[in-house]
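Visitor: Fold the stuff below for me.
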Amino acid sequence: MKYIYRLYQLCVVLPLFLLASILTALVTVVGCLLGNGHFWGYYPGKCWSRFIVALLFLPVKVEGRENLRKGQSYVFVANHQGAFDIFLIYGFLNRNFKWMMKRSLRKVPFVGMACQYAHHIFVERSGVSKIKATYDEARKVLRDGMSLVVFPEGARSFTGHMGKFRRGAFMLADELQLPVCPLTINGSFDVMPRMRDWHWVEWHPLTLTIHKPIEQKGQGREFEKEMEDTCYQAIMDGLTPEYQGYVENRDQ
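Guide: Numbering: from 1, shown residues only. Next up, the predicted model:
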C-alpha cells in the first residue's frame, strides 16, 4: 500500500497541489485587491488546506472548539511539528486570523505573494527598527479585532518534541490584554518532518487540540512570563507521550 500511495501522490496529488496552490494564490491576491481583505485573506487558504488534506486521505480530529467565544480576538500559540501544521490550523481551526510567519516564506512562489496581499505578518529580525515594525503591524491586526496565530518556537522541530518559546506573542498579548489560546498539534511530524521536506507524505492521523484560552491576570513581565509558562505546559501536556519533553532545537 505504501508504494501505491506514493504513486498516487506523484501522479494525482502533486499536479493537483500545484494547480490548487496557484489558483488559491491568484484568487487571494485578486480578492484582496478588489474586496474584503479579511474574507479573501482567509477563506481561499482555508479551502486550499482542506482540499490538500482530503486529497491525501489524512484523517483530522479537532478537540476543544467549544472553548472559543464568538467574536473574541485571541493570540493562538501552537507547537511547530512540521509543514502540515499550516494545513491543519488554516483548514480546521475555523477562526479567521492572520499568521505571524518567517520572512523567508515571502520568497515561496505564489504562496508568498498571496500571504503578502492577505496581510499576514512577516517577522523581521534583521534589526531593531524592523523588529519594532513587525510588532507594530501585529498590534494593529489585533486592535482591529482579528486573531493572530504564532509558532512561538520560531522553527519546526527536528524531533517532534518542543523547543523553547520566544516571548514576542506573549508580549503582544500582555500589552493588549488579550487571552492566549494554546494549540497542540499531533501527527504533523509523522506526516512530513522537516528532514523530509518535499519528499513522500506518510499517512498518519492529524489532531488539533484547542485548549481553554488563558485570560490575563494582570500586566507586566511577571504576568507575561506566567502566561508563557502556562501555555507551554498546556501544549506539552497535549502531545502524545513519545513527543513529550523538551528537546533543544539548534535552529532557534
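Visitor: low-scoring pLDDT stretches of the protein, where are they?
Guide: Scanning the chain for pLDDT under 70 picks out the ranges 124-131.
Visitor: Quick check: the gap between Gly220 and Tyr243.
Guide: Per C-beta to C-beta, to the nearest Å, Gly220 is found 33 Å from Tyr243. (Glycine included, C-beta is placed from N, CA and C.)
Visitor: So between these two, which is more surrounded?
Guide: Neighbours around Gly220 and Tyr243, counted as other C-beta atoms under 10 Å, are more numerous at Tyr243. The numbers are 21 against 8.
Visitor: Look up the closest residue to that one, ignoring the ones flanking it.
Guide: Leaving aside its sequence neighbours, Tyr243 sits nearest to Gly160 (C-beta to C-beta, 6 or more residues apart in numbering; 4.3 Å).
Visitor: Backbone torsions only: list them for that neighbour.
Guide: Here is the backbone geometry of Gly160 (degrees, to the nearest 10): phi 90, psi -10.
Visitor: Just to check, Asn79 is in contact with Phe189?
Guide: No. Using C-beta atoms under 8 Å, Asn79 is not in contact with Phe189, being 9.5 Å away.
Visitor: what do these two both touch?
Guide: Common neighbours of Asn79 and Phe189, using C-beta atoms under 8 Å, 6 or more residues apart in numbering, are Ser157.
Visitor: In three-state terms, label Trp99 for me.
Guide: strand (DSSP: H, G, I helix; E, B strand; the rest coil).
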